[in-house]
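>>> Predicted structure and sequence below. I'll ask about it afterward.
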2 protein chains.
Amino acid sequence: MATARPDRPAAGPPARELPTPPGRRPRRAAPPRRPLTREAIVETAIRVLDAEGLEAVTMRRVAQELGTGPASLYAHVSGKEELRELMLDRVAAEIGLPEPDPARWQEQLKELAREVRRVYTSHRDIAMVSMGLIPTGPHLLDVAEAQLALMRAGGVPKRIAGMAVDTLGMFLDADAIEGTVYYAKAPAGEDPHAFFEEYFGQFKEYFSALPKDRYPVLTEMVEELTDADDDGRFEFGLDLIVRGIASYVEDE
Amino acid sequence: MATARPDRPAAGPPARELPTPPGRRPRRAAPPRRPLTREAIVETAIRVLDAEGLEAVTMRRVAQELGTGPASLYAHVSGKEELRELMLDRVAAEIGLPEPDPARWQEQLKELAREVRRVYTSHRDIAMVSMGLIPTGPHLLDVAEAQLALMRAGGVPKRIAGMAVDTLGMFLDADAIEGTVYYAKAPAGEDPHAFFEEYFGQFKEYFSALPKDRYPVLTEMVEELTDADDDGRFEFGLDLIVRGIASYVEDE
DNA sequence: TTTAGATCCGAACGGCGTTCGTGTCAAGTA
DNA sequence: TACTTGACACGAACGCCGTTCGGATCTAAA
C-alpha cells in the first residue's frame, strides 16, 4: 500500500491517485517533504540555533522541524555531539580567508580574527561548541591553516606558531562566548538591548556597593570595569596576542 | 504523630519509644542525619564534581547524596545555576593570594595565574561555570581584586588594567576548560593516562593523513601541533599577556 | 498553647538523548 | 515478474533531567 510521495519520482508507471477506501486512512497525514539527509539536518539545526540559541537545538526539536521523530536523525548523525560539531564546521565555512601577504601578516592575522569573531557571534552561542574541541572539520581546518600560513609567512618559528594558533583559538572562543552568554539569557520576547542595559546597570550598582575595605582597588575602578565596550576589549586582547607572537620573529 | 528523631533533641519531654502499632509503619525509614544547609549542599555538590565531573552534578544526584529528594534543595538554593556559581566561588576560596610587591608585579601576576590554574584543574571541569560569568561571589572578587592590585602596583593604567583582568580571566577559563574537557571524556573505570595517549595518537594520525594540497602548512607542522605540552602552552600564552600588559606601563 | 512561617519532600509535569524493534520501499537478483 | 536484501524511517519506550506544587512537619515567637 504505497503512500503517494509527490516530490519524488515514482518508481513504476505513474499510478493514478485513488480515493482512500472507506475504513482506511492514509498511514501518515503527510509524508516528509524531502528525504532526510545529513545536510538537511545540519541546516535545520542551524536555523533553530539562529532563532533560539544553542540550548534549543535538541534532537527532538530538529526532528520536529523536519516533520519526523528524533529516532530518524540517528541514521545520519551519531548523536547530539556530532551534530553540534557538524553545525560548527558549517558555520566555519562562512569565514572569509585571506591571501597571505608577508608584509602585512600581523594586520592580516588580526583581520582574520575579526572575521572569525563576526561569524561566530552572528550565530548566537555556537562558540560554546568550539571551546575545548580539537578541530577536525574541513572548514575549521581551513581557518587553522590560514592562521598558520600567515604566521609562517611572517617568519614565526614553527614551535611558536603551533602554540600561538592554540592561544588565539582559545581567545576567539572565549570572547565569542563571553559576548553571547548574556545575550542568550535575554527572555525570548523582550528587546535584548533594553534587557542588556538593565542587566549591566545592576552589576554596576552591585560593584559600587561592595565594601571598600575588602576590595579597595576594585571599588575604585567600577567605571573601568563595567564599561561594556566589547569591541575595545576584543581589540585590546587581540593586540596583546599578535604583538606577542611578532616578538618571536627571528630575523628581527 | 511525631516520629522519633534520635539525632535531634526532642521538643517536649523525652517521650518513651513505643513499639509501632500494628498496621502502621514509621513514615520514613531514617530521618536525615543533618539538617539541610546551603553549605552542606555546596559541599556535597563539590564532592560529586570531584568524583565524577560537572555533568554528574545534578539536583537529583546532590539530593540523593544528602538522603533527600530534589525538591528539598530549592529552599536553600534558587536553582541549578545558582548552585553552580556557589560551587565555583567555594572553589575560588582555595586560591592563594599574594602580598603585592611592586618590584615583582609581573612575576606575581604570573604566579597568581598559575595558582588559579592549579585550583581550577584540581576540580575537574569547574572552569566551565566561570566562562562567560561576571564574578560576583566574594572569593572570585578576591581574586579579581588581587589581580588588579598587582597591576596597579606595577603602574598599569586603570583603563588597561580593567581590560586586562578580563583578558586574563578569559585565558585562564579557556585554558582550564581545554585541559579538562578531554579528561572528562575518559570512561569512568579506565586509566585516564592510557586513554589520553590513545586519544591523542589518533589525532596525530588524522592530521598526518590530511591532504597536503589543501593543508600545506598544517601538514608540515603535525609534530608541533600535537605536542601535548600543556604547561608549555600555558606559559606561552601567559607570557604573551603579561608582557603585553607591561608594555602599557607609563613611566617606562 | 496557639499560631505563623520556614523547611522538607513525595509526586508529578514536561522535556531530554538514545535505543529497540518493526515497518517501508527502492534496487538488485533470479 | 517475483523475491530478497539492505538502507532508511520512526513510534514507543527507557531512564534521565530541572523545576513546581501542595501538603506535612518542625521551630520559635506570641
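On my side now, so go ahead. Numbering: from 1, shown residues only, chains lettered A, B, ... in the order given.
>>> ok, residue A:139 - contacts?
Residue A:139 makes contact with A:89-90, A:92-93, A:95 under the criterion Cβ atoms under 8 Å, 6 or more residues apart in numbering or on different chains. From N, CA and C alone the C-beta is placed, and that goes for glycine too.
>>> Skipping adjacent residues, who's closest to residue A:124 in space?
Leaving aside its chain neighbours, residue A:124 sits nearest to residue A:53 (4.8 Å; criterion: Cβ to Cβ, 6 or more residues apart in numbering or on different chains).
>>> How many neighbouring residues does that neighbour have?
Residue A:53 sits with 20 neighbouring residues when counted by other Cβ atoms under 10 Å in any protein chain shown.
>>> Ok, residue A:93 next?
When neighbours are counted by other Cβ under 10 Å, residue A:93 registers 13.
>>> so which strand or helix has the nearest residue to it once chain neighbours are set aside?
If the residues on either side of it in the chain are set aside, residue A:93 comes closest to residue A:139, at 4.3 Å by Cβ to Cβ, 6+ apart. Taking DSSP states H and E as the criterion, the element that holds residue A:139 is helix A:138-153.
>>> how far out from the middle of the chain is that helix?
Remark: helix A:138-153 is offset 18 Å from the chain centroid, using Cα atoms, centre = their mean, to the nearest Å.
>>> Mind checking what helix or strand follows it in sequence?
Heading C-terminal from helix A:138-153, the first helix or strand you meet, by DSSP H and E, is helix A:158-185.
>>> Next one: that next one, is it in contact with chain B?
Yes - with Cβ under 8 Å from any Cβ of the partner chain as the measure, helix A:158-185 is seen reaching chain B through A:158-167, A:170-171, A:173-175, A:177-178, A:180-182.
>>> Tell me who's in contact with the residue positioned nearest the centre of chain A.
Centrality entry for chain A: nearest residue to the mean C-alpha point is residue A:126, 2.6 Å, by Cα atoms, centre = their mean. Residue A:126 is in contact with A:49, A:54, A:87-88, A:91, A:120, A:176, counting by Cβ under 8 Å, 6+ apart.
>>> give me phi/psi at it?
Torsion angles at residue A:126 (phi, psi; degrees, to the nearest 10) stand at phi -60, psi -30.
>>> What's the nearest residue in chain A when you look at DNA strand D?
Across chain A, the shortest distance to DNA strand D (Cβ to the nearest atom of the strand) belongs to residue A:71, at 2.8 Å.
>>> Now do the contacts for that residue.
residue A:63.
>>> so is the closest residue to chain B within the stretch 1-150 of chain A in a helix, a strand, or just coil?
Here the residue of the stretch 1-150 of chain A nearest chain B is residue A:132; by Cβ to the nearest Cβ that distance is 3.4 Å. Assigned by DSSP: H, G, I helix; E, B strand; the rest coil, the conformation of residue A:132 is coil.
>>> Check whether it really touches residue B:175, as I assumed.
No - under the criterion of Cβ atoms under 8 Å, residue A:132 lies out of contact with residue B:175, with a separation of 9.9 Å.
>>> higher neighbour count, these two?
Each of residue A:132 and residue B:175 has its neighbours counted (other Cβ under 10 Å); residue B:175 has more, 26 against 23.
>>> And for the more buried one, nearest residue in space, chain neighbours not counted?
Nearest in space to residue B:175, with sequence neighbours left out and distances taken as Cβ to Cβ, 6+ apart, is residue B:234 at 5.6 Å.
>>> so the one you found makes contact with residue B:174?
No - the pair residue B:234 and residue B:174 fails to qualify as a contact (Cβ under 8 Å) at a distance of 10.5 Å.
>>> Those two - which one has more neighbours?
Using other Cβ under 10 Å, the more surrounded residue of residue B:234 and residue B:174 is residue B:174, with 26 against 22.
>>> Check the burial of the closest residue to that one other than its chain neighbours by counting its neighbours.
Spatial nearest neighbour of residue B:174, excluding adjacent residues (Cβ to Cβ, 6+ apart): residue A:170 at 3.8 Å. Residue A:170 has 23 neighbouring residues, counting by other Cβ under 10 Å.
>>> for residue A:60, same thing?
Applying other Cβ under 10 Å, we find 10 residues neighbouring residue A:60.
>>> Touching, it and residue A:70? I think so.
Yes - counting by Cβ under 8 Å, residue A:60 sits close enough to residue A:70 to count as a contact (4.8 Å).
>>> pLDDT below threshold where in chain A?
Within chain A, the set of residues satisfying pLDDT under 70 comprises A:1-34, A:186-190, A:251-252.
>>> circling back to that earlier point, want to throw the contacts of residue A:126 into CSV with secondary structure and neighbour count?
As requested, those are exported to CSV (DSSP: H, G, I helix; E, B strand; the rest coil; neighbours: other Cβ atoms under 10 Å in any protein chain shown):
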residue, secondary structure, neighbour count
A:49, helix, 22
A:54, helix, 19
A:87, helix, 23
A:88, helix, 23
A:91, helix, 24
A:120, helix, 27
A:176, helix, 27
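>>> could I get the residues you listed as CSV with distance to DNA strand C?
As requested, the contacts of residue A:126 are exported to CSV (distance: Cβ to the nearest atom of the strand, whole Å):
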residue, distance to DNA strand C
A:49, 12
A:54, 10
A:87, 12
A:88, 16
A:91, 18
A:120, 21
A:176, 21
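>>> Please identify which two of the residues you listed are farthest apart in space.
Greatest spatial distance in those: A:87 and A:176, 14.3 Å, computed using Cβ to Cβ.
>>> Just say helix, strand or coil for residue A:228.
coil.
>>> Roughly how far does it sit from residue A:110?
Per Cβ to Cβ, to the nearest Å, residue A:228 is found 22 Å from residue A:110.
>>> between the two, which one's more packed in?
Neighbours per residue (other Cβ under 10 Å) separate residue A:228 from residue A:110, with residue A:110 holding more: 17 against 14.
>>> and the helix or strand hosting the more buried one with helix A:138-153, angle?
Under the criterion of DSSP H and E, residue A:110 resides in helix A:105-121. Between the direction of helix A:105-121 and that of helix A:138-153, the angle (axes from the mean of the first three to the mean of the last three Cα atoms, to 10 degrees) works out to 160 degrees.
>>> who touches helix A:105-121?
Applying Cβ under 8 Å, 6+ apart, the set of residues contacting helix A:105-121 is A:91-92, A:94-98, A:100-101, A:126-127, A:130, A:143, A:146-147, A:150-151, A:153-154, A:168, A:171-173, A:175-176, A:179-180, A:234, A:238-239, A:242, A:245-246.
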